[in-house]
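Visitor: sequence isn't available, so here's the structure alone:
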Ligand SMILES: Nc1ncnc2c1ncn2[C@@H]1O[C@H](COP(=O)(O)OP(=O)(O)O)[C@@H](O)[C@H]1O
Ligand SMILES: [Mg+2]
């Protein structure tokens with residue numbers, strides 16, 4: 001399977017969707033000579049997230065500052081309840097901070113509408129969850145196709161890209177299997193193939209290895225390192241497993257909603 005055959009895809013999709021909807025990617029900004037191209041892929045400044053619980057404010061994120069550079073593997077480490085999932089949701093535009101700024105690829109997530117963030121998310125961000133989040137009745141291939149359908153990618157481009165992504169995660173021989181016919185580690189690898197199929201710039205993974213044994217976790221981390229090289233993607237993942245931290249380019253330690 002040749003990666004080259006998929007090379008025009010990002011541009012083609014950008015031309016048909018991103019520009020027309022008022023959401024400019026870094027590539028578009030670059031053509032316009034905007035200086036923001038030298039920025040990190042993601043910049044977080046002074047982010048707070050407060051929930052109202054029983055009429056009282058619960059401060060879950062407190063003055064968070066972080067950066068993700070292109071092609072990095074960054075980990076958020078912290079105990080359960082420290083605020084990792086809340087932060088990841090804000091980074092991916094699923095939630096908005098109560099205060100502070102989140103710039104993704106030069107776009108101000110903190111100021112954009114839900115609709116604008118949804119468009120960016122569909123095209124430029126991939127999500128991976130602890131519990132795999134695959135459709136149980138669909139085969140591995142059909143699960144991966146689903147994310148391309150969601151991103152509005154032409155059907156004629158699906159087959160080759162699906163096969164390529166499944167081979168990247170070492171599952172080309174499991175293409176026709178449904179989730180229940182696969183091990184936990186294999187299901188998570190299908191979920192990774194699904195998360196990268198539409199060529200996102202950033203992958204967010206919430207405790208992707210929490211339900212896996214150490215051998216399977218190591219496989220997932222090897223897959224992450226491989227796709228950073230081959231797909232030019234930045235990965236930010238949460239974990240509380242100290243043994244996998246050594247492969248990270250950077251680790252943010254989170255305690256009670258703050259970085260140490
Ligand atoms: N929507 C919400 N409403 C109220 N409290 C929330 C909400 N989401 C998260 N929290 C609280 O924020 C804290 C951090 O949760 P979370 O981000 O899930 O932590 P982690 O992922 O590190 O386990 C917890 O105390 C949780 O109960
Ligand atoms: Mg969590």
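Guide: Good, I have the coordinates. Values in this document were obtained by computation on a predicted structure and should not be read as measured data. Ligands and ions are numbered 1, 2, ... in the order given.
Visitor: alpha carbons only for contacts and neighbour counts from here, please
Guide: Will do.
Visitor: for the closest residue to ligand 1 within the stretch 151-260 of the chain, grab the count of nearby residues.
Guide: Proximity of the stretch 151-260 of the chain to ligand 1 (C-alpha to the nearest ligand atom) peaks at residue 257, 7.3 Å away. Using other C-alpha atoms under 10 Å, residue 257 has 22 neighbouring residues.
Visitor: ok, it - contacts?
Guide: Counting by C-alpha atoms under 8 Å, 6 or more residues apart in numbering, residue 257 touches 59-62, 64, 82-84.
Visitor: bridged to the nearest residue in space to it that is not next to it in sequence, which residues?
Guide: Nearest residue to residue 257, sequence neighbours excluded (C-alpha to C-alpha, 6 or more residues apart in numbering): residue 61, at 4.3 Å. Assessed by DSSP bridges, residue 61 has beta-bridge partners residue 49.
Visitor: quick check: residues of the protein near ligand 1?
Guide: For the chain, the residues in contact with ligand 1 (C-alpha under 6 Å from any ligand atom) are 51, 53, 60, 79-86.
Visitor: which of the residues you listed are buried?
Guide: Using 16 or more other C-alpha atoms under 10 Å as the burial test, the residues of the chain next to ligand 1 include 60, 82-86 as buried.
Visitor: would you point out the most distant pair within the residues you listed?
Guide: Farthest-apart pair in those is 60 and 85; separation 10.4 Å (C-alpha to C-alpha).
Visitor: gap between the nearest residue to residue 87 once chain neighbours are set aside and residue 149?
Guide: Closest residue to residue 87 apart from its sequence neighbours, by C-alpha to C-alpha, 6+ apart: residue 61 at 7.2 Å. Applying C-alpha to C-alpha, to the nearest Å, the value for residue 61 to residue 149 is 34 Å.
Visitor: more neighbours, the two?
Guide: residue 61 (26 against 13).
Visitor: can I assume that one is in contact with residue 255?
Guide: No: with contact defined as C-alpha atoms under 8 Å, residue 61 does not count as touching residue 255 (9.8 Å).
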